[in-house]
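Trainee: what's the 3D shape of this:
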Amino acid sequence: MLTGCVYVVGSGQQKQIDPEVFRVFYKFWKETEAEAQDVHLPAEVIEHLDKNECVYKLSCSVKTNYGVGKIAMTQKRLLLLTDGRPSYVEITKFRDIEEVRISSAPLLLLRVPSLKIKMSLRKEMFEANLKSECDLWNLMVKEMWAGRKMADDHKDPQYMQQALTNVLLMDAVVGCLQSQKAIFAANKLAYFDKMKSEVPMMVPKTTSETLKHKINPSLDLTTPQAVDVLLYTPGQLSFSADADSDGNPKLWCALSDGKVVVFDAASWSIQQNSIQVGASRLNCMLRLDQHQVWIGSQDSTIYIINIRSMSCNKQLTEHRAEVTDIAMEERSDRFGQVQAYSCSADGSLIIWDVSTLKVKKQLQPTSDALHSIKLFNGTLWCCSTDYILELRKNGTLHRKLKLPDLLRDAPTCFSSFLLFLEKDQLWTACVDGGELLVWHDRDLSKPFHKIQLPDCIGVSCMIKVKNQVWVGSQGRAPGKARGKIYVVDTEKYSVEKELVAHTDCVQALCSAEDRYVLSGSAYEDGKIAIWKVE
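Mentor: All right, here's what the predicted structure looks like:
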């Protein structure tokens, strides 16, 4: 993080940093951090602050129109710690700021630089005679204000954390340089303030109304990771008090290279360190019962996670190619055996006895790669590159749906499919196609309806939620592609909403009890968005 700072403040070209320069910079950074941690706050200030809120920067004692004292900056607000009797005045929260500017105030026969802040909740502007500190505080307050606005607009608290990091770097740079160039250098770190003024990032109204929150599964990693698979598991009331894990609902997130991050879905906080299952991309996840989650990997292994201990202690290694999907057959009665089905990139299918983890049957319905499978009313549906197959329970082929001729000329393939057999319908989507095709279950020779997805380059995933289909895709945007979600009405066959909250392809979707939809994106974005379902 710090080497990146020196690179930004420098000439704009990547070059080796002089070790002595970096040593001085790092020393000042740590000293500033320690100074902030040593601030003695009055008890009433501590009670006023939120959990995990703390002071990161403290000014010298200055004269303000609220009294004389030191200005304290937390990650959420500005406070004035008044001199004399231990007390404080809240100046403003960053989200309530309307304007920040440098002015001048009379001091004896002179005029000294002052910082003025206009707030939405007060008529009177706050003014502080910050003198030599004025330029730095001006940059810092503007950056925190811009970061707060970005965080609120995008429902993503990480913007605020990034703005705080920028501010602390500004402070360290100014402390190191101790010259007229210091503010010029620090100004290069005002990323969010520049973004706010130069490229306003307006969030579309529909997106803002539907988006609830964003979380970052790569928060503790050095670089963002792609979100490859998402799985929501409901809460469990049967957990005992002395169990290793609680009974809260969870969000399981498969990242690159075999990492699985688990969130507490009640608070959206990361539950523990990532679980490592192999070192390859993970393709699918399924909870089979209250005790286990199965994860299919590119390394041809199915890893079994114990939900209570949150550890992987069993593996299924019978596949000879990457495992692409897992499905479970519902028991016909409470005493019946539970069977799981898994498919792989060599076209093979394995039927498992879940209780014994033994192979019951192996099938080879096609030599083409199988991408996904679904079970419905005793039949098994399989999606391959050019076909969707319906198999009988004994594994023999019942019907085959071909990629339409109008699409076969283009370099595309099926990416996903959904069954609406209560409506006698099958919905399909393609990797490089910007439309959904709707088929009659009784006539798979050609689709009877096409739903065009505006500005869509290709569909990566889709799920059924209530009477809607949520579609994850890559959409066109000026200058670059971006992640886009389409919400389609299954009755009207029309796009109800277009949602844009990811800067890279949306490649994972899951539903949380039909109340929320969670979306995960490729590595350039690497975040998870939480959407409310209407």
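Trainee: Show me the shaky parts of the stretch 401-534 of the chain.
Mentor: For the stretch 401-534 of the chain, applying pLDDT under 70 flags the ranges 405-411, 477-481.
Trainee: go with 50
Mentor: Within the stretch 401-534 of the chain, the set of residues satisfying pLDDT under 50 is empty.
Trainee: Please apply the same query to the stretch 1-150 of the chain.
Mentor: 1-13.
Trainee: Would you map the helices across it?
Mentor: Shown for the stretch 1-150 of the chain, the helices assigned by DSSP state H, counting those that start in this stretch span residues 2-9, 19-37, 43-48, 134-154.
Trainee: ditto for the chain
Mentor: Using DSSP state H, the helices of the chain run over residues 2-9, 19-37, 43-48, 134-154, 158-177, 181-187, 191-198, 205-210, 405-408.
Trainee: need those in TSV with mean neighbour count and distance to Ser348, can you?
Mentor: Every C-beta, even on glycine, is put in place using the N, C-alpha and C of the backbone. Listed next are the helices of the chain as TSV, based on neighbours: other C-beta atoms under 10 Å; distance: least, C-beta to C-beta, whole Å:
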stretch	mean neighbour count	distance to Ser348
helix 2-9	16	46
helix 19-37	14	54
helix 43-48	12	62
helix 134-154	23	43
helix 158-177	21	42
helix 181-187	17	60
helix 191-198	16	50
helix 205-210	15	40
helix 405-408	12	25
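Trainee: TSV for those helices, including distance to Thr396?
Mentor: Below are these laid out as TSV (distance: least, C-beta to C-beta, whole Å):
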stretch	distance to Thr396
helix 2-9	59
helix 19-37	68
helix 43-48	71
helix 134-154	51
helix 158-177	52
helix 181-187	71
helix 191-198	59
helix 205-210	44
helix 405-408	26
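Trainee: Looking at those helices, which is nearest to Val469?
Mentor: helix 205-210 (15.2 Å; C-beta to C-beta).
Trainee: Put the alpha carbons of that closest one into PDB.
Mentor: Output of helix 205-210 as PDB, limited to C-alpha atoms (Å, rounded to 0.1, in the frame of the first residue of the first chain):
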ATOM      1  CA  LYS A 205     -32.200   5.500  -9.700                       C
ATOM      2  CA  THR A 206     -33.400   1.900 -10.200                       C
ATOM      3  CA  THR A 207     -30.100   0.500  -9.100                       C
ATOM      4  CA  SER A 208     -30.000   2.800  -6.100                       C
ATOM      5  CA  GLU A 209     -33.500   1.800  -5.000                       C
ATOM      6  CA  THR A 210     -32.900  -1.900  -5.400                       C
END
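Trainee: any idea how far that helix is from the chain center?
Mentor: 17 Å (C-alpha atoms, centre = their mean, to the nearest Å).
Trainee: Mind giving me the packing neighbours of it?
Mentor: strand 494-502 (3 or more C-beta pairs under 8 Å, 6 or more residues apart in numbering; DSSP states H and E).
Trainee: Mind giving me the packing neighbours of the strand it packs on?
Mentor: helix 205-210, strand 211-215, strand 449-452, strand 468-477, strand 480-489, strand 516-521, strand 528-532.
Trainee: What are the buried residues along that strand?
Mentor: Val495, Lys497, Glu498, Leu499, Val500, Ala501, His502 (16 or more other C-beta atoms under 10 Å).
Trainee: quick one on the thing from earlier: redo the helices of the stretch 1-150 of the chain as a markdown table? Include distance to Arg515.
Mentor: As requested, the helices of the stretch 1-150 of the chain are exported to a markdown table (distance: least, C-beta to C-beta, whole Å):
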| stretch | distance to Arg515 |
| --- | --- |
| helix 2-9 | 39 |
| helix 19-37 | 41 |
| helix 43-48 | 34 |
| helix 134-154 | 21 |
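Trainee: Ile46 versus Glu35, what's the distance?
Mentor: Going from Glu35 to Ile46 by C-beta to C-beta, to the nearest Å gives 18 Å.
Trainee: Tell me the buried residues in stretch 267-280?
Mentor: Buried residues in stretch 267-280, counted by 16+ other C-beta under 10 Å: Trp268, Ile270, Gln271, Ser274, Ile275, Val277, Gly278.
Trainee: Nearest to Asp299 among those residues?
Mentor: Closest to Asp299, out of all of the buried residues of stretch 267-280 and judged by C-beta to C-beta, is Gly278, at 5.0 Å.
Trainee: Now do the contacts for the closest one.
Mentor: Gly258, Ser297, Asp299, Thr301, Tyr303 (C-beta atoms under 8 Å, 6 or more residues apart in numbering).
Trainee: repeat for Ser473
Mentor: Contacts of Ser473 by C-beta under 8 Å, 6+ apart are 434, 453, 456-460, 483-486, 505-506.
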